[in-house]
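Asks: show me how the following folds:
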Amino acid sequence: LPFRIQPAHVQSALKRGLVFEIVYSKLLRDSDATRRNVFSNARALCRLTRGKGIVIGSGAATKLDLRAPSDVASIATFFDLKGPLARAALDQTPKQLLQRVAMAKAFHRGCRLNDYDNRGGNGGKRQHAGAHQHQHQHQQAENKKKRHKLR
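Replies: Residues are numbered from 1 along each chain as shown. The predicted structure follows:
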């Protein structure tokens, strides 16, 4: 990186639940200078985060750039991620990240978002649970009026 990573910024990002991705594909196909930079930056980041909030991704352009999880865990040891921290960067942290993204898509400001409403009335758009409940109550009132008129 063309700048020094500030420890306070890294700790602040971790407290907010952000994660850092280290891409290993540049280690496989780029020049020696690029490899040195990737190792140096990755080590600095892993040292500052103490191994927490790290995701190791392939950044693969082709299938040949992909590696087995055990190989990637071995690469992670060069970044000073040992044993459980290396496995967490490949397994637990990415899972937690995907779960958090799924939750962010399902909730907005404390309201649960429903999937697309197939019953019509909203043009196939998402709506929060309160709006759906209100629409349902409105529909029940309309049906009650219609039944009352038919009598």
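Asks: and the host helix or strand of R36, what does it pack against?
Replies: For R36, the element it lies in under DSSP states H and E is helix 32-49. In terms of contacts (3 or more C-beta pairs under 8 Å, 6 or more residues apart in numbering; DSSP states H and E), helix 32-49 is packed against helix 7-15, strand 20-23, helix 25-29, helix 69-78. To be clear about C-beta, it is placed using only N, CA and C from the backbone, and glycine gets the same treatment.
Asks: mind saving the C-alpha coords of the longest one as PDB?
Replies: Once side chains and other backbone atoms are set aside, the C-alpha atoms of helix 69-78 remain, and they are given as PDB (Å, rounded to 0.1, in the frame of the first residue of the first chain):
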ATOM      1  CA  PRO A  69      -8.400 -24.700   1.700                       C
ATOM      2  CA  SER A  70      -5.400 -26.600   3.200                       C
ATOM      3  CA  ASP A  71      -3.100 -24.800   0.700                       C
ATOM      4  CA  VAL A  72      -4.600 -21.400   1.500                       C
ATOM      5  CA  ALA A  73      -4.200 -22.100   5.300                       C
ATOM      6  CA  SER A  74      -0.500 -22.800   4.600                       C
ATOM      7  CA  ILE A  75      -0.200 -19.500   2.700                       C
ATOM      8  CA  ALA A  76      -1.900 -17.800   5.700                       C
ATOM      9  CA  THR A  77       0.900 -18.900   7.900                       C
ATOM     10  CA  PHE A  78       3.200 -16.700   5.900                       C
END
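Asks: pull out the buried residues from it.
Replies: For helix 69-78, a neighbour-count test (16 or more other C-beta atoms under 10 Å) marks V72, A73, I75, A76 as buried.
Asks: residues near the nearest residue to the last one once chain neighbours are set aside, how many?
Replies: Closest residue to A76 apart from its sequence neighbours, by C-beta to C-beta, 6 or more residues apart in numbering: A86 at 3.8 Å. As a burial measure, the neighbour count of A86 was computed by other C-beta atoms under 10 Å and equals 24.
Asks: for the residue nearest to the spatial centre of the chain, grab phi and psi.
Replies: Centroid-nearest residue in the chain, with C-alpha atoms, centre = their mean: L97, separated by 3.6 Å. Per-residue torsions, L97: phi -60, psi -50 (degrees, to the nearest 10).
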